[in-house]
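**Q** Kindly generate the corresponding structure for this input.
(2 chains)
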Amino acid sequence: MDTEMVRLTTIAQNIAQVARGMGLDFYPVNFEIVPAEALYTFGAYGMPVRFAHWSFGKAFYRMKTQYDLNLSRIYELVINTNPAYAFLLEGNHLTQNKLVIGHVYAHVDFFKNNHYFSHTPKDMVERMAAHAEKIRDYECLYGREKVESTLDAVLAIQEHVDFRSHIGPDYKTDKTPKHPLKNKKTGGENSCQGSNCQGQGCSTKRTCGSCGNCQQSKIPTREPNKAAGRKSRNSTPYEDLWEDLSDKEHGTQAKQDYEDLLYYLIEFSPGLEEWQRDIVSIVREESLYFFPQIETKIINEGWATFWHAKIMRELELTENEALEFSLMHSQVVQPSRMGLNPYYLGVKLWESLAKKKSLEELFELRETENDLSFIRNHLSKELVEELNLFNFRKVGAHWQVTEIDWEKVRDNLVQQLVNGGNPRIVVQEGDYEGKGGLYLKHCHEGVDLDIVYLEKTLSLVQSLWGKSAALETVVDGKPHIFEFSDGLVSRRQKVNSFS
Amino acid sequence: MAEDIIVNHDDWGLHRKGYLDQRRHKEKVEEVIKQQLGDLIVDESIILSDGKKSTKIPMRSLEEFRFKYDLNKKNHTGQGNKKMSPGDILGRELGKGKGSSGSGAGENPGEDIYEAEVTYEDLANILFAELKLPNLDDKKRPLIAHDRPEFNDVRKKGLMANVDKKRTLLESIKRQALQENKDKDKRLKITPEDLRFKTWETRPNFETNAVILAMMDTSGSMGQFEKYISRTFFFWMVRFLRLKYENVEIRFLAHHTEAKEVTEEEFFTRGESGGTRCSSVYKYALDLIESDYPPAHFNIYPVHFTDGDNIGSDNSRALTLMKNLVEVSRVVGYGEILRTHYSSTLMSTLKRITDPKLRLVTIRDRNEVYDALKTVFS
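**A** Numbers count the residues shown, from 1 in each chain, chains lettered A, B, ... in the order given. Sure thing, here's the model as predicted:
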């Protein structure tokens, strides 16, 4: 180890002591100094090792170009694991690194203590490396194009996972199903015999058809009517799926929405091969891991910024260092021209809270809040006015300010944060019109969907389902059904036959 | 001390993952370009402008599709540097938000469709990958050869820029393996004696000889569209030939009722008037071949573009001359640009020639130029 590393290690350990002395509680941290190329790769993939996909290459290229043109710069990247990994950009100045190291400790403190991260696996680096390897194997076995088009489709709906599956009455001993496939295989193999079908009262055409398929291709069926068999194994949070579907087969019209589109596909899609189901479950697991980071962006960045400033004030800095620190800090919290800089909004919120509350109360808030609740509970009238926040929308060809009333601004921000900013799409049935079609419903909350994107995404969902796929949504106040089958999207207004 | 804090500085020089997927992305961009090639190569902005070196192509299929909100129909929250009031106009298009990715609150409205910048060279490379000079006989060679450097030797002395890294390293390893003192800590060292350089010899190189006779109808009946299409065809043809073949001559012949040779610039810019007598340019071409390009030594490729509106009495003569032309050439391209649906008399006359060396194309629409290029040069 050269002298510079020794020096940086000492500094990092000192700052850790200072930070812990001030009350931050974080996992051990492994800092790694990396060149820009590596850092931007991790930024694009979200992880040092992740499966290959062109969309990451696209993101990498965009980020790297911005760095090369000096338009933006990432100073650090922290991975939520235990021990935590933090990557520092090679060429950061010492003062920059001091600030960044403090920032990192606060992030890791947040990962360790915030409730929303309590269910994320702490060995995700290894898991995702294993996923990458699996997907590489699938590429060798089934061809790169096939794997890629499967990933194209799954990644398009990766947000539609039930992020709260660990909460609620159905939540039993088994946590989120880590490998839904693995524990299924045992029960699946023998389930495609005709006798089995009869025995369990398989009455729909669909089930028998798939049984036939299944005998040819040796894919275990995952039909709803296997509920009985599964019930004994119990323990997934999706028991309601089985119950509901068997209900329907008994003629009841009870409809229940399934939040977890990916899980539904893994379980019920008639059009997926075994390895494709595995890919869906890989993407699902990674999506579950990343979601808490998406829903705590403002509060977490705010927390880290709030703390790096606090820590830096504790350190003995020379005049030059203090100047360099102030410069960098002001760049980080610079308000962006039109959008909202999460660092700035976040740190302003924490600073305003620090004036009213004790440190202990702040630590409590960082345990319990996410962006949505943080803004809903703490974005005050004064802050909205101080930050000159406003609502705006497109009126004709112009973007126009519509509201500056603080409650409207707050509520609009909150609304944008619901479900991580993604529309809520639920599965309503897997046998639409008796033809085995997938029927999704967009829970319309006032904002329409982008139609071009909807149609394209629906076609990708259809490719995963195999049979037709439909989506119900509201366009300009009227309920519409989009359906993708036989390579074409059709669109019709929904006729209310029953409600 | 906080012993659980570790700082590391490994060598990440071999971390190429981002580049690998970036390459795959680039491949996909090229696929999209390929699909649109027919439209792209007739794009005025590429062909007619002098300065513009690139064009933007929407990459719809490379957008990452999602179920997402219609940004034009929703309320956004923003931050101003002064107090705003309802009704203030923020602008037509919004600048890109900074540091706003990943967060709902920082969403960036006015987001454009994903576009990729495609340079003229990219386009040319993709287009030309599919084209070649057909029936090229490489025995037809000129008497004079070009000198061409060929790296075929390795020496101990040479230019540093030409150092052969692999052989140098091997030498170094060999030398140190022979040395007595096997000091484990000692890292591999390269001494001046280990250096190996690639060197070259100049070899005479006989490129295959070929000549293209670009013939274009410049008569009054050739309207804007017809001229544009034929020039587009020749534009790409000339670039393709210059890029792929070192030793190809191109002669430009323009004709109405009479034919004459013109410069490249005139060929691409000038228009004339008058009737059409295609036989005139065939005769001119045959004369040119006889005087300058003996078929025994040259691969000859005449390519003719016209609107097919030939004087009726000339058709039989044109047919005879065309037969002669086909005989001495490797391939003859004849293209007719038709905006109407009737077939011209010259085309139906030339159809009597059954020799596959004569390649007939009809262009009715802009995007058929690409197919025409592929028909003639494949």
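
**Q** For A:Tyr61, give me the pLDDT.
**A** We have a pLDDT of 87 for A:Tyr61.

**Q** dump the residue contacts of the closest residue to B:Tyr301 other than its chain neighbours.
**A** Spatial nearest neighbour of B:Tyr301, excluding adjacent residues (CB to CB, 6 or more residues apart in numbering or on different chains): B:Ile212 at 4.8 Å. Yep, even glycine has a C-beta here, placed from its N, CA and C like the rest. For B:Ile212, the contact set (CB atoms under 8 Å, 6 or more residues apart in numbering or on different chains) comprises B:Met237, B:Leu241, B:Val248, B:Glu249, B:Ile250, B:Arg251, B:Tyr301, B:Pro302, B:Val303.

**Q** Give me the subset of the residues you listed that lies in strands.
**A** B:Val248, B:Glu249, B:Ile250, B:Arg251, B:Tyr301, B:Pro302, B:Val303 (DSSP state E).

**Q** does the first one really touch B:Val211, like I thought?
**A** Yes. Because the distance of 7.0 Å satisfies CB atoms under 8 Å, B:Val248 is recorded as touching B:Val211.

**Q** Confirm B:Thr362 sits in a helix?
**A** No. B:Thr362 is assigned strand when assessed by DSSP: H, G, I helix; E, B strand; the rest coil, not a helix.

**Q** Now do the phi/psi pair for the nearest residue to it once chain neighbours are set aside.
**A** Excluding its sequence neighbours, the residue lying closest to B:Thr362 (CB to CB, 6+ apart) is B:Glu336, at 5.1 Å. Main-chain dihedrals, B:Glu336, degrees, to the nearest 10: phi -120, psi 130.

**Q** beta partners for B:Glu336?
**A** B:Thr306, B:Thr362 (DSSP bridges).

**Q** Kindly report the domain assignment for the chain.
**A** This is for chain A. Split into domains by automatic domain parsing, chain A comes to A:3-114+A:296-378, A:423-493.

**Q** oops, I was thinking of chain B
**A** According to automatic domain parsing, the domains of chain B span B:18-69+B:115-129, B:146-205, B:210-376.

**Q** Can you say which of these is packed in most?
**A** Mean neighbours per residue, mean count of other CB atoms under 10 Å in any protein chain shown, is largest over the domains of chain B for domain B:210-376, with a mean of 18.

**Q** What average pLDDT does it get?
**A** Per-region confidence: domain B:210-376 scores 85 on mean pLDDT.

**Q** try stretch A:362-372
**A** 96.

**Q** just stretch B:178-197 next, same as before
**A** In the prediction, stretch B:178-197 has an average pLDDT of 76.

**Q** How about stretch A:149-168?
**A** Stretch A:149-168 carries an average pLDDT of 88.

**Q** coming back round to it: from chain A, how far off is the residue nearest to B:Thr362?
**A** Distance of B:Glu336 to chain A, given as CB to the nearest CB, to the nearest Å: 36 Å.

**Q** need the contact list for that residue.
**A** Contacts of B:Glu336 by CB under 8 Å, 6+ apart are B:Phe305, B:Thr306, B:Asp307, B:Gly308, B:Ser344, B:Leu346, B:Met347, B:Leu360, B:Val361, B:Thr362, B:Ile363.

**Q** so where's chain A shaky on pLDDT?
**A** In the predicted model of chain A, residues A:1, A:167-255, A:337-338, A:496-499 satisfy pLDDT under 70.

**Q** can you name the farthest residue from the center of it?
**A** Here chain A reaches farthest from its C-alpha mean at A:Glu319, the gap being 42.5 Å by CA atoms, centre = their mean.

**Q** Next, the contact list for that residue, please.
**A** With CB under 8 Å, 6+ apart, A:Glu319 has no contacts at all.

**Q** Okay, and the residue nearest to B:Val29 when sequence neighbours are not counted sits in which element?
**A** Leaving out its chain neighbours, the residue that sits closest to B:Val29 by CB to CB, 6+ apart is B:Ala116, at 4.9 Å. Assigned by DSSP states H and E, B:Ala116 belongs to strand B:115-119.

**Q** Which strand or helix spans the residue most central in space within chain A?
**A** Centroid-nearest residue in chain A: A:Phe291, 2.9 Å away (criterion: CA atoms, centre = their mean). Element membership for A:Phe291 (DSSP H and E) is helix A:274-294.

**Q** Buried residues in that helix, which are they?
**A** For helix A:274-294, burial by neighbour count (16 or more other CB atoms under 10 Å in any protein chain shown) applies to A:275-294.
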